[in-house]
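1. Compute the structure for the input listed below.
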Amino acid sequence: MGVTAVGAVLAVGLATTTVVNVVASEGESHRLESYGQKVSVDDGEMNVLVTGGGQENVVLLPGFGTSSPVLDFGPLVKNLAADHRVIVVEPFGYGLSDGTDKERTTENIVQEVHGALEALDVDRYTLMGHSIAGLYGIEYATRYPEEVTAFVGIDTSVPGQPGMDTQFPIGLMSTAKNLGLLRIMNAASAASDLADYTDHAREQMQMLTNKNSLSPTYLNEMGHIKTNFERALGTGFPKDLPLLLFVVAENKNTPEWLELHHRQAASVTNGTVVPLPGEHYLHHTHAGEIADWFREWETAAGT
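-> Residues are numbered from 1 along each chain as shown. Below you'll find the model as predicted:
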């Protein structure tokens with residue numbers, strides 16, 4: 001097949017995926033189900049879920065790019081809500097929250113999350129987060145020390161971790177989404193660790209992945225990852241803030257991963273590291289263990 005013919009086939013194929021993506025996106029927009037509630041933050045609406053009837057508040061923050069924090073944290077929320085009041089915040093660009101044109105710096109993201117909690121009159125809580133929430137959590141706990149009583153990390157990011165100086169091909173990624181290629185990639189790489197989730201929840205999460213992945217807000221945050229990590233170098237949690245870190249026991253890509261978290265825990269007066277087998281989304285497979293460990297630690301720490 002000649003170059004011209006190959007080019008023609010590719011053009012037809014990309015035109016097809018583009019049309020299929022537009023049609024599928026429109027159909028999925030009508031099948032997405034609402035959950036939680038909306039609160040006004042700055043000039044947009046942020047989606048949050050408040051559940052459980054306990055006296056102590058736990059605020060959950062997602063890792064970067066999580067399609068639906070509320071659904072993603074589902075099993076963990078259900079477990080914690082038995083004896084805690086649990087608040088899941090979906091930052092701008094996540095879940096059912098609006099997008100935003102505001103730059104995705106750590107400072108802006110932290111201020112917006114705090115604005116959502118202010119709107120709910122939540123002013124004292126344990127901050128629990130996954131992945132990059134560890135980076136944002138340092139800024140958050142430093143800025144609002146009178147509100148955050150403890151930080152619990154689920155395989156959280158650490159200032160100075162390797163590989164965070166990557167420059168992402170933002171323009172190319174945006175083009176891939178517009179051409180419908182992202183939808184194909186998402187279907188091929190659907191998470192395989194969701195045994196504790198219903199088929200319905202998995203379907204909703206997949207549709208929200210198609211909607212939110214590589215959106216302008218998502219790409220803006222991705223573009224700030226390098227500078228956000230650079231600005232976090234040398235920072236840490238307040239020394240008197242109790243710290244509980246659930247960490248993947250064996251990270252083959254980053255052999256020093258566990259040691260980085262042991263160092264972070266050692267930097268505070270009350271720091272604990274709990275290694276767990278598995279992959280990065282530990283709350284997908286260890287929700288019950290995380291909740292049980294947290295309860296025991298919370299009681300011992302007196303938070």
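2. Low-confidence ranges, the stretch 101-250 of the chain, go.
-> Counting by pLDDT under 70, the stretch 101-250 of the chain shows low-confidence ranges at 167-192.
3. For it, which segments count as helices?
-> Under the criterion DSSP state H, counting those that start in this stretch, helices of the stretch 101-250 of the chain are mapped to 106-119, 133-143, 170-178, 181-188, 199-212, 216-232.
4. Just say which of those is most tucked in.
-> helix 133-143 (a mean of 22; mean count of other Cβ atoms under 10 Å). C-beta here means a position set from N, CA and C on the backbone, and glycine is covered the same way.
5. Tell me the gap between that one and the middle of its chain.
-> Distance, stretch centre to chain centre, for helix 133-143: 14 Å (Cα atoms, centre = their mean, to the nearest Å).
6. just the angle between that helix and helix 216-232, please?
-> With axes from the mean of the first three to the mean of the last three Cα atoms, to 10 degrees as the basis, helix 133-143 and helix 216-232 are set at 60 degrees to each other.
7. Can I get the helices of the stretch 101-250 of the chain in TSV including distance to Asn251?
-> As requested, these are exported to TSV (distance: least, Cβ to Cβ, whole Å):
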stretch	distance to Asn251
helix 106-119	23
helix 133-143	14
helix 170-178	25
helix 181-188	24
helix 199-212	24
helix 216-232	17
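8. Can you say which of those helices is nearest to Ala265?
-> Closest to Ala265 of those is helix 133-143 (Cβ to Cβ; 11.9 Å).
9. what is the orientation angle of the closest one with helix 106-119?
-> Relative orientation of helix 133-143 versus helix 106-119 (the same axes, to 10 degrees): 70 degrees.
10. I'd like to know which elements helix 133-143 is packed against.
-> strand 57-61, helix 106-119, strand 125-130, strand 148-154, helix 216-232 (3 or more Cβ pairs under 8 Å, 6 or more residues apart in numbering; DSSP states H and E).
11. now it against strand 148-154, angle please.
-> 170 degrees.
12. Just want the angle from helix 133-143 to strand 125-130.
-> Put simply, helix 133-143 runs at 160 degrees to strand 125-130, going by the same axes, to 10 degrees.
13. Name the residues that touch helix 133-143?
-> Helix 133-143 is contacted from outside by 61-63, 106-107, 109-110, 113-114, 127, 129, 148, 151, 153, 156-159, 228-229, 232, 235-238, 241, using Cβ atoms under 8 Å, 6 or more residues apart in numbering.
14. Report the angle between that helix and strand 57-61.
-> Between helix 133-143 and strand 57-61, the angle comes out at 130 degrees (the same axes, to 10 degrees).
15. contacting residues for the closest residue to Thr51 other than its chain neighbours?
-> Spatially, and ignoring its direct neighbours in sequence, Thr51 is nearest to Ala81 (4.9 Å; Cβ to Cβ, 6 or more residues apart in numbering). The neighbourhood of Ala81, defined by Cβ under 8 Å, 6+ apart, consists of 51-54.
16. give me that answer again for 10 Å
-> Counting by Cβ atoms under 10 Å, 6 or more residues apart in numbering, Ala81 touches 49-54, 58, 291.
17. of those, buried ones?
-> 49-50, 52, 58, 291 (16 or more other Cβ atoms under 10 Å).
18. So which of the helices of the stretch 101-250 of the chain is nearest Ala300?
-> helix 133-143 (19.9 Å).
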